[in-house]
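Q: mind looking at a prediction? Sequence and model below.
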Amino acid sequence: MTILVTRPSPAAEELVSRLRALGKVAWSLPLIEFTPGRDLDHLPQLLATLQAGDMVFVLSQHAIHYAQSVINQARTELTWPVNLNYYAIGRSSALALHTASGMQVEYPHERETSDILVQLPALLRVAGKRALILRGNGGRELLAETLSERGAEVTFCECYQRCAKIYDGFSEARRWRERNINTLVVTSGEMLQQLYSLFPERDRREWLLHCRLLVVSERLATLARELGWQAITVADGADNDALLRALQ
């Protein structure tokens, strides 16, 4: 097994290092990078509009990284309000939010997806509450749509932007085929589409679609099948610990 990890830095390099420590051959090719989001300056005001019992949702560790930087740099004393209910998409993002805020954070333990998050019992009755969603640019709308349907008032805060990294598909195809890459790690639909589009059609047909693909949700697995992959494994989470378990 020769593994190519496409998730962003520094998580990609961390996973590669752990795989190599286990004697596996692994490389990284981060497909996206992050920059500050357009709504960061409004975060203090958005938090101030929330009232006791309202909700804050964090959809990635990157959202916390950029949100906390704004809180740390605020001219007046600014902290995460103690009277709100905090939710995260998964364990890693929950831990990042808890570390930053000191607050208790609820998250789905089964799988790190919006589909599972909206099934939390506390989110079944949210009518009349406000929900602030800290996220990147774009992404799925399932959480916001479900909360709205249940009567919540939803506001987004774009804390970061995902930007595609630019590679030359011909040279990258040659490089990874020469290194006998046969296993791919992809953690979002956006990156899966980007990976598919990066390489020339011949390389997709002869090599890419024959690789084993490790993804983090059944939704991604379905998308991968539609693109032409057949050997697909779904990890039990999106963090590096879950990916490592799936690769062993």
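A: Everything's here; your move.
Q: every contact and neighbour count from this point should use C-alpha atoms.
A: Will do.
Q: domain ranges for the chain?
A: 2-31+167-247, 35-163 (the TED database).
Q: any chance of a markdown table for the ones you listed, columns mean neighbour count and mean pLDDT?
A: Output for the domains of the chain, formatted as a markdown table (neighbours: other C-alpha atoms under 10 Å; pLDDT from 0 to 100):
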| stretch | mean neighbour count | mean pLDDT |
| --- | --- | --- |
| domain 2-31+167-247 | 17 | 96 |
| domain 35-163 | 18 | 92 |
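Q: list the helices and strands the longest helix belonging to the chain packs on?
A: Assignment by DSSP state H gives helix 61-73 as the longest helix of the chain. Counting by 3 or more C-alpha pairs under 8 Å, 6 or more residues apart in numbering; DSSP states H and E, the packing neighbours recorded for helix 61-73 are helix 43-48, helix 91-101, strand 130-136, strand 153-164.
Q: partner strands of the helix or strand following the first one, parallel or antiparallel?
A: Next helix or strand after helix 43-48 toward the C-terminus (DSSP states H and E): strand 55-58. Strands flanking strand 55-58 in the sheet, each with its direction: strand 85-88 (parallel), strand 130-136 (parallel) (DSSP bridges).
Q: list of residues touching strand 55-58?
A: Residues from elsewhere that reach strand 55-58 (C-alpha atoms under 8 Å, 6 or more residues apart in numbering): 64, 84-89, 93-94, 97, 129-135.
Q: then that strand to CSV, C-alphas only?
A: Extracted in CSV, the C-alpha atoms of strand 55-58 (Å, rounded to 0.1, in the frame of the first residue of the first chain):
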residue,chain,number,x,y,z
MET,A,55,-26.9,28.1,19.7
VAL,A,56,-23.4,28.3,18.2
PHE,A,57,-22.3,25.6,15.7
VAL,A,58,-18.7,25.0,14.6
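Q: from the chain's centroid, how far away is that strand?
A: 15 Å (C-alpha atoms, centre = their mean, to the nearest Å).
Q: out of the helices and strands packed on helix 61-73, nearest to residue 214?
A: helix 91-101 (18.8 Å; C-alpha to C-alpha).
Q: how far does that closest one sit from its chain's centre?
A: 14 Å.
Q: ok, the next helix or strand after it: who's next to it in the sheet?
A: Next in sequence after helix 91-101, counting helices and strands by DSSP H and E, comes strand 105-106. Looking at strand 105-106 with DSSP bridges, its partner strands are strand 85-88 (parallel).
Q: how about the residue nearest to the spatial centre of the chain, nearest residue that isn't a chain neighbour?
A: In the chain, the centroid-proximal residue (C-alpha atoms, centre = their mean) is residue 60; its distance is 5.3 Å. Closest residue to residue 60 apart from its sequence neighbours, by C-alpha to C-alpha, 6 or more residues apart in numbering: residue 93 at 5.3 Å.
Q: which residues touch the one you found?
A: Contacts of residue 93 by C-alpha under 8 Å, 6+ apart are 58-61, 64.
Q: can I get these in CSV including distance to residue 238?
A: Output for these, formatted as CSV (distance: C-alpha to C-alpha, whole Å):
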residue, distance to residue 238
58, 15
59, 12
60, 10
61, 11
64, 17
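Q: list just the nearest of those to residue 25.
A: residue 61 (27.1 Å).
Q: hmm, residue 96 and that closest one touching each other?
A: Yes - with contact defined as C-alpha atoms under 8 Å, residue 61 counts as touching residue 96 (6.1 Å).
Q: which residues are common contacts for the two?
A: By C-alpha under 8 Å, 6+ apart, residue 61 and residue 96 have no common neighbours.
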